[in-house]
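Peer 1: Structure for this input, please:
(3 chains)
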Amino acid sequence: MDHGENDKSLDARLRDIEDRLEIYDLIASHPPSADTGADYYTRAVYTEDGVFDRGEGLVGAVGNEAIGAITLSPEHQQAIDGGMAHFTGLPRIEIEGDAAYVTSYIQILHPDALGDDRELPNHGSSPGFRIHRVVANRWTLARTPEGWRIKSRKLRQLDGSKPVREILEQALASYRPAD
Amino acid sequence: MDHGENDKSLDARLRDIEDRLEIYDLIASHPPSADTGADYYTRAVYTEDGVFDRGEGLVGAVGNEAIGAITLSPEHQQAIDGGMAHFTGLPRIEIEGDAAYVTSYIQILHPDALGDDRELPNHGSSPGFRIHRVVANRWTLARTPEGWRIKSRKLRQLDGSKPVREILEQALASYRPAD
Amino acid sequence: MDHGENDKSLDARLRDIEDRLEIYDLIASHPPSADTGADYYTRAVYTEDGVFDRGEGLVGAVGNEAIGAITLSPEHQQAIDGGMAHFTGLPRIEIEGDAAYVTSYIQILHPDALGDDRELPNHGSSPGFRIHRVVANRWTLARTPEGWRIKSRKLRQLDGSKPVREILEQALASYRPAD
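Peer 2: Here you go, the predicted model:
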């Protein structure tokens, strides 16, 4: 939040807030879409030239149609059938005019097919869940007449390497002292 | 967020925002209540005819008094004694007049009694935590003179089955193209 | 949210909301800082006399300079090199004038060096992540001319003990019936 905001009109301050809450909902809708294969969400929220970049070794795509198609692939559907869960933490949001930048952590979980059933009192018996991946995401959004849309989503796994650190450091730019 | 909102009065726009932030706090208060057995929270936030539905095999209840009583059961207290943690991600919120619908993912974790102690530099030694369950939740809220109250909470485990997919798909209704 | 708020001016209601959203961003910036060793974030957001209390057995510190220095320690850097991830859920926020109180759960994860590679369709192969700790945090914030700053952060691991329950119960004070 910009501390000069009290110079803005009430309407402008309200629009800033509405923008942020709309973006929270956009980000919160991603896990339900990924875990049900809702390509209609993906087609609706990416721009026509939107980029989905998961790094080396994992399928990405360019364009809302192609990105949406990934969730319909037999491989993705198989993961859903197995109980895959995307779990998102509290995202960091920065809005600059008609662009917005979101940094989020996401866990990808699934029922542990190799786990032994264990009991938690009042919470039944379960083989437990396994965390397959933990990724840092950088979402670049654009304001459009239809609302905020995703121009790019870049993610990298937490592994101590430079690419994932760069994603995380971008979220902290406002705290970095000027040279 | 409704994109016709700029036709609303400033006061109405503010009330929409205040509603959402109140609902975030209601949802964020659930894990501390579940992990301490705070029946007073549960009694306060459910309606008198509120429904808590955890599916087959797990105890549910109807009515804020009965739902609150679950957290005081010997079984639930035993889980708390063992270090149970409810962990909630960013929820998806939709408000329609005096009703609101929240979709959230929750992990239920506990210290892993079978884990071997392992060291993480600067973060001590620990046997680690195990994820017992990952559930999708559909909360139906009602506006009351005392604030937003829970009319029903339905949850199902992530297992690829139809019931959990239905919960998640309800969160995406606004993105679904008209037929 | 205080239900008397409609007696406040539009400007005062907006400031309340802006405060909360600023605090969300402060809390959401912590994981990227911890997982990259961004001491500049920590120095900027703690007060000069700020307190970081992790309980017995883990290094804490007093003062923004000393707290920031922890993230630069060889031990913390080693954890980052190994892919440590801080993961924060939805926090509970209470604002009282120029003070604010935040309750949050945080998971500390790392790639499981002892895990066997497993495949999740469309999500590659991975040895998985292990949850080292799950902690409850109580953040006490102060309003300053430069924005909200951290006066203290106290955390305790979820283990069923009294100290962590006290942290969680503080988040529920507004729900507790008067005696």
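Peer 1: just for chain A, where's the confidence low?
Peer 2: Scanning chain A for pLDDT under 70 picks out A:1-6, A:179.
Peer 1: ok, longest helix in it?
Peer 2: In chain A, taking DSSP state H as the definition, the longest helix is helix A:10-36.
Peer 1: For the helix or strand following that helix, which helices and strands make contact with it?
Peer 2: Of the helices and strands lying after helix A:10-36 in sequence (DSSP states H and E), the nearest is helix A:39-45. Applying 3 or more Cβ pairs under 8 Å, 6 or more residues apart in numbering or on different chains; DSSP states H and E, one finds that helix A:39-45 contacts helix A:10-36, helix A:64-70. All C-beta atoms are positioned from the backbone trio N, CA, C, and that covers glycine.
Peer 1: Tell me who's in contact with A:L114.
Peer 2: The contact partners of A:L114, taken as Cβ atoms under 8 Å, 6 or more residues apart in numbering or on different chains, are A:P127.
Peer 1: Now the residue lying farthest from the centre of chain A, what are its backbone angles?
Peer 2: Using Cα atoms, centre = their mean, the residue of chain A lying farthest from its centre is A:P121. It sits 33.3 Å away. Taking degrees, to the nearest 10, you get phi -50, psi 140 for the backbone angles of A:P121.
Peer 1: how near is it to B:Q107?
Peer 2: As defined by Cβ to Cβ, to the nearest Å, A:P121 lies at a distance of 17 Å from B:Q107.
Peer 1: just A:E146 next, same as before
Peer 2: When distance is defined by Cβ to Cβ, A:E146 is 33 Å away from B:Q107.
Peer 1: Once you drop chain neighbours, what's closest to A:G115?
Peer 2: Take A:G115 and drop its neighbours on the chain: the residue closest to it by Cβ to Cβ, 6 or more residues apart in numbering or on different chains is A:P127, 3.4 Å away.
Peer 1: Count the neighbours of the one you found for me.
Peer 2: A:P127: 14 surrounding residues under other Cβ atoms under 10 Å in any protein chain shown.
Peer 1: so what's it up against?
Peer 2: Going by Cβ under 8 Å, 6+ apart, A:P127 touches A:P111, A:D112, A:A113, A:L114, A:G115, A:D116, A:D117, A:R118.
Peer 1: which pair in those spans the largest distance?
Peer 2: Spatially, the most separated pair among the contacts of A:P127 is A:A113 and A:R118, at 14.5 Å (Cβ to Cβ).
Peer 1: out of those two, which sits in the more crowded spot?
Peer 2: Per other Cβ under 10 Å, whichever of A:A113 and A:R118 has more neighbours is A:R118, with 16 against 10.
Peer 1: The more buried one contacts B:H132, doesn't it?
Peer 2: Yes. Assessed by Cβ atoms under 8 Å, A:R118 is found in contact with B:H132 at 7.2 Å.
Peer 1: Give the residues shared as contacts by these two.
Peer 2: Common neighbours of A:R118 and B:H132, counting by Cβ under 8 Å, 6+ apart, are A:S126, A:G128.
Peer 1: quick one: the biggest strand by length in chain A near chain B?
Peer 2: Longest strand in chain A by number of residues (criterion: DSSP state E): strand A:129-144. Yes. Residues of strand A:129-144 contacting chain B under Cβ under 8 Å from any Cβ of the partner chain: A:F129, A:R130, A:I131.
Peer 1: Among these, name the buried ones.
Peer 2: A:F129, A:R130, A:I131 (16 or more other Cβ atoms under 10 Å in any protein chain shown).
Peer 1: Count the neighbours of the nearest residue to A:K8 once chain neighbours are set aside for me.
Peer 2: Once flanking residues are discounted, A:K8 sits nearest to A:D16: 7.6 Å by Cβ to Cβ, 6+ apart. A:D16: 18 surrounding residues under other Cβ under 10 Å.
Peer 1: what about A:D16, distance to chain B?
Peer 2: Look at A:D16 and chain B: by Cβ to the nearest Cβ, to the nearest Å, they are 11 Å apart.
Peer 1: now A:A61
Peer 2: Distance, A:A61 to chain B, using Cβ to the nearest Cβ: 18 Å.
Peer 1: State the phi and psi torsions of that residue.
Peer 2: The phi and psi values for A:A61, taken as degrees, to the nearest 10, are phi -170, psi 170.
Peer 1: same thing with A:E166?
Peer 2: phi -60, psi -40.
Peer 1: count of neighbours near it?
Peer 2: 14.
Peer 1: picking that back up, between the buried ones among the residues of strand A:129-144 next to chain B, which sits nearest chain C?
Peer 2: Checking these against chain C with Cβ to the nearest Cβ, the nearest one is A:I131 at 4.1 Å.
Peer 1: From C:T88, how far out is the closest one?
Peer 2: With Cβ to Cβ as the criterion, A:I131 and C:T88 are 16 Å apart.
Peer 1: Ok, A:V134 next?
Peer 2: A:V134 is 13 Å from C:T88, by Cβ to Cβ.
Peer 1: Could you do A:H123 as well?
Peer 2: Per Cβ to Cβ, A:H123 is found 23 Å from C:T88.
Peer 1: what's the answer for A:N122, then?
Peer 2: Counting by Cβ to Cβ, the gap from A:N122 to C:T88 is 26 Å.
Peer 1: swap in A:N137?
Peer 2: In terms of Cβ to Cβ, A:N137 sits 14 Å off from C:T88.
Peer 1: quick one: which of the two has more around it?
Peer 2: C:T88 (23 against 19).
Peer 1: Tell me what A:A85 is bridged to.
Peer 2: A:A85 has these beta-bridge partners by DSSP bridges: A:L109.
Peer 1: nope, A:A142 is what I was after
Peer 2: Using DSSP bridges, the bridge partners assigned to A:A142 are A:A99, A:R149.
Peer 1: So it is in contact with A:R149, correct?
Peer 2: Yes. Using Cβ under 8 Å, A:A142 is in contact with A:R149, at 5.5 Å.
Peer 1: what about the residue nearest to A:H110 when sequence neighbours are not counted, neighbour count?
Peer 2: Sequence neighbours aside, A:M84 is the residue nearest to A:H110 in space, at 5.0 Å (criterion: Cβ to Cβ, 6+ apart). Neighbour count of A:M84, defined by other Cβ under 10 Å: 24.
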